[in-house]
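K.L.:
Dropping a prediction and its sequence here:
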Amino acid sequence: MSLYQNDSPFELASKKIDESRQGSAMELGRPLGVQSNGKKYYVESYGCAMNFNDSEIVASILAGKGYDPTLDYNEADIVLINTCSIREKAEQTVRNRLSALQSIKKRNPSALIGILGCMAERLKEQLLEEEKLVDIVAGPDAYRELPHLIEEAEGGQKAVNVLLSREETYADINPVRLVSNGISAFISIMRGCDNMCAFCVVPHTRGRERSREPQSILAEAKDLYAKGYKEVTLLGQNVDSYRWSADESIRGKKLIELKDTDVVVNFAQLLEMVAQVAPDLRVRFSTSHPKDMLDDVLHVMAKYDNICKYVHLPVQSGSSSCLERMNRTYDREWYLDRIAAIKRIIPDAGISTDIIAGFCGETEEEHQETISMMKHVQYDLAYMYMYSERPGTLAAKRYADDVPEEVKKRRLQEIVALHRAQCHESNKRDVGKVFEVLVEGFSKRSDDFLSGRNSQNKVCVFPKENAKAGDYVMVHIHDCTAGTLIGTMEK
Ligand code: SAM
Ligand code: SF4
């Protein structure tokens, strides 16, 4: 039974943040009526879409206290770096950046440097006390405290808050849209993660899973639509386990723990509610977890034209034994069943995935099972990584990181090569088809061409004629590369 029966039942594409946006700075204006306090801040973000969305929340909190933005860290009083810990390389990138930013202090000794997000949570003492690279450390659940932390640091104190919360969802904070082209925006629907995938640092850095109150999600989607946005992407580490109840005592409980009489909003219901905001507001979501993605979500996707026909379903490995060591709690057969369900219920769906090469103990046979999984599913898009051991994770405690570096590299290369070929094949199958495309802006190469995505999340490029960003246009595809569909608008 739904909590919102009268509203009728009630979401992101794997719009991962592309490499070119890593480290991008963000700017926003103060809300009307808030006086400037004369201080400027600068925010730079790394990592996943949730991190970029968190920077939008941080920007909103600071703007509300009168801080003004700047895109030039040299003129900032406060420089904030929102960080990612997912792989060692991500942390190294941020460390290099923090070292480079120390030059600010030479020019302006009173400037403060703050670190936000997952690295703050993981490396607090080291960065603040041992390496003395930062003045402020704020974990992912401490952003409301930032103005206070800044005051403490200005007074010469160590300003640290890395407490993780079981409740914080920033539900009442309207993020200032920074990563946005004015057409598509992210909406965080939950925070943290309760899965304990053996390789993953997220549960350790972002804390327990909690779902955001659905009416605040709907209000944000309606507000974005009123401002002219045409696409929202619902974000969570595991959107299919979204579960909210007005009754605090059952909030966050697993399905099996709930009684029939308990009233909860689940992800399928939330997705439906957001789809009903407006028929021309596209809805995407990410990330789906294979163990939790059930048919109800797929049926809602099939029912609404404005829910994009695209599922990001990270497989990580095609081998049941490797999945077991990874503690993913599904096996190859279960995953294949979920893929079959997607193809049955939404035959034209785009499917993407995440793959890790060279996890602890991965044998050649297990690697070949990943290759055969890729051949079977024919992913339209994959994000592929070499396993990177993260301190404190189950894998670091239980298993040796024993696949030699050159073997990891070779396996990753094989996966990437197959993926490239499959992308090209997938795009070739679309030549001759006509897609509805939401125009996002000019193509990277030429202002005579526009670029946008179809429902399946594929990038389409076509001559601009008289269309503009924010328009829905029908595009006839007549050519492709491995990464792009090329076409012309239908008259
Ligand atoms: N919650 C999502 C899920 O379950 O798929 C994704 C979370 S994570 C931010 C994104 C991806 O990073 C994962 O799907 C995984 O492929 C990759 N990843 C996570 N930890 C990793 C590690 N230690 N080494 C290599 N890749 C990793
Ligand atoms: Fe990490 Fe697994 Fe949670 Fe995804 S579901 S964030 S991979 S622990």
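P.N.:
Thanks, I have it. Residues are numbered from 1 along each chain as shown. Ligands and ions are numbered 1, 2, ... in the order given.
K.L.:
Output the set of residues of the protein in proximity to ligand 2.
P.N.:
193, 195, 197, 200, 202-203, 237-238, 289 (Cβ under 6 Å from any ligand atom). All C-beta spots, glycine's among them, are computed from the backbone N, C-alpha and C.
K.L.:
change it to 5 Å
P.N.:
193, 195, 197, 200, 202, 237-238 (Cβ under 5 Å from any ligand atom).
K.L.:
so what's His376 closest to, chain neighbours aside?
P.N.:
Distances taken as Cβ to Cβ, 6 or more residues apart in numbering place Leu336 nearest to His376, at 7.1 Å, with adjacent residues excluded.
K.L.:
Tell me which residue of the stretch 351-491 of the chain lies closest to ligand 2.
P.N.:
Relative to ligand 2, the nearest point of the stretch 351-491 of the chain is Asp354 (8.0 Å; Cβ to the nearest ligand atom).
K.L.:
that's a helix at that residue, yeah?
P.N.:
No: with DSSP: H, G, I helix; E, B strand; the rest coil as the criterion, Asp354 is strand rather than part of a helix.
K.L.:
Give me the distance between it and Asn161.
P.N.:
Using Cβ to Cβ, to the nearest Å, we find Asp354 at a distance of 31 Å from Asn161.
K.L.:
quick one, which of those two is more surrounded?
P.N.:
A direct count of neighbours by other Cβ atoms under 10 Å for Asp354 and Asn161 places Asn161 higher, at 19 against 16.
K.L.:
How confident was the prediction at the closest residue in space to that one that isn't next to it in sequence?
P.N.:
Among residues not flanking Asn161 along the chain, Ala142 sits closest, at 3.8 Å (Cβ to Cβ, 6+ apart). Looking at Ala142, its pLDDT stands at 96.
K.L.:
mind listing what Ala142 touches?
P.N.:
149, 161-163 (Cβ atoms under 8 Å, 6 or more residues apart in numbering).
K.L.:
Buried subset of those residues, written for PyMOL?
P.N.:
In PyMOL, this line selects whichever of the contacts of Ala142 come out buried by 16 or more other Cβ atoms under 10 Å:
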select buried, resi 149+161+162
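K.L.:
Which of the contacts of Ala142 fall in strands?
P.N.:
Within those, residues falling in strands by DSSP state E are Asn161.
K.L.:
Turn the contacts of Ala142 into TSV, including pLDDT.
P.N.:
Shown next, in TSV, are the contacts of Ala142 (pLDDT from 0 to 100):
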residue	pLDDT
Leu149	96
Asn161	93
Val162	92
Leu163	91
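K.L.:
Would you mind giving the contacts of Ala142 as JSON lines with distance to Val439 added?
P.N.:
Output for these, formatted as JSON lines (distance: Cβ to Cβ, whole Å):
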{"residue": "Leu149", "distance to Val439": "41"}
{"residue": "Asn161", "distance to Val439": "42"}
{"residue": "Val162", "distance to Val439": "42"}
{"residue": "Leu163", "distance to Val439": "43"}
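K.L.:
For ligand 1, state which of the contacts of Ala142 is nearest.
P.N.:
The closest of these to ligand 1 turns out to be Val162 (Cβ to the nearest ligand atom; 19.0 Å).
K.L.:
can you pull up the bridge partners for Leu450?
P.N.:
Phe442, Phe462 (DSSP bridges).
K.L.:
Tell me if I'm right that it and Lys464 touch.
P.N.:
Yes: contact criterion Cβ atoms under 8 Å: Leu450 and Lys464 qualify, at 4.6 Å.
K.L.:
Common neighbours of the two, please.
P.N.:
Phe442.
K.L.:
Between these two, which has more neighbouring residues?
P.N.:
Under the neighbour definition other Cβ under 10 Å, Leu450 and Lys464 were set side by side, and Leu450 has more, 25 against 17.
K.L.:
what does stretch 57-69 rub up against?
P.N.:
When contacts are defined by Cβ under 8 Å, 6+ apart, stretch 57-69 is touched by residues 26-31, 34-37, 39-43, 78, 80, 82, 116, 143-144, 146-147, 170, 173-176, 178, 188.
K.L.:
let's go with 6 Å and repeat that
P.N.:
27-28, 30, 34-37, 39-41, 143, 146-147, 170, 173, 175-176, 178 (Cβ atoms under 6 Å, 6 or more residues apart in numbering).
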